[in-house]
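Asker: Take a look and give me a structure for this.
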Amino acid sequence: MNDLRKIVYFLINLFFFTRFFLIPLIRIIINLIKLGTLKKQINKFGTEILKIQNKKIIGKGSYIYYIAMILFFTIYAILLKEPIILVYLLFFVPALLDIILIKRYSQYNGFYSNGIVKGSFIEWKNIFSWKKIDGDKLSFLKHDGLRFDVETNLQQKLIIDFMTEKGIQEEK
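Answerer: Numbering: from 1, shown residues only. This is a model prediction of the structure:
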């Protein structure tokens, strides 16, 4: 019975370590790599077909909040001389890096010859199908099952013709 309890406690600790330490640490590393290779990624976009206006602008309040929390926990850890408090930064740093990445990519939102940029770069090979939502909006289904909508600035026919040329099928 005692061995079973040790195994269960180990698995519970492993879950919390992975969820609250390892995954945020991996997200930080991935986001730093993405920020470092952003210019190379921009070159992969290809020629611009249609530029999309970014309507949803991330406010300065988000930046201020995450930076304030990072500074707070850093100063708090220094004042108390408890470096373990710095682990709390793993909750705020990945979110701040996500916001920075989305902001950087959203400058290039649009349709390109090699994919779509909407907060990140999605290559055409990762798009499974598309469908019309209304006269200005298209909905895309990725191969991983995620769906996202993109406005076309009243140039829907241009984009539909391009996707037909690329061989991306329309949903019925």
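Asker: Does the host helix or strand of Ile33 pack against any helices or strands, and if so which?
Answerer: Element membership for Ile33, per DSSP states H and E: helix 23-36. When contacts are defined as 3 or more Cβ pairs under 8 Å, 6 or more residues apart in numbering; DSSP states H and E, helix 23-36 sits against helix 89-106. C-beta coordinates here come from the backbone N, C-alpha and C atoms, glycine included.
Asker: so the helix it packs on versus helix 23-36, what angle?
Answerer: Helix 89-106 and helix 23-36 meet at an angle of 30 degrees, taking axes from the mean of the first three to the mean of the last three Cα atoms, to 10 degrees as the criterion.
Asker: Now do the next helix or strand after helix 89-106: everything it contacts.
Answerer: Past helix 89-106, heading to the C-terminal end, the next element that is a helix or strand (DSSP H and E) is strand 110-112. Residues outside strand 110-112 that contact it (Cβ atoms under 8 Å, 6 or more residues apart in numbering): 45-52, 116-117, 150, 152, 159, 162.
Asker: Name the SS class of Gly119, please.
Answerer: When classified by DSSP: H, G, I helix; E, B strand; the rest coil, Gly119 comes out as coil.
Asker: in this protein, which spans are helices?
Answerer: With DSSP state H as the definition, the chain shows helices at residue ranges 2-17, 23-36, 38-43, 60-80, 89-106, 156-166.
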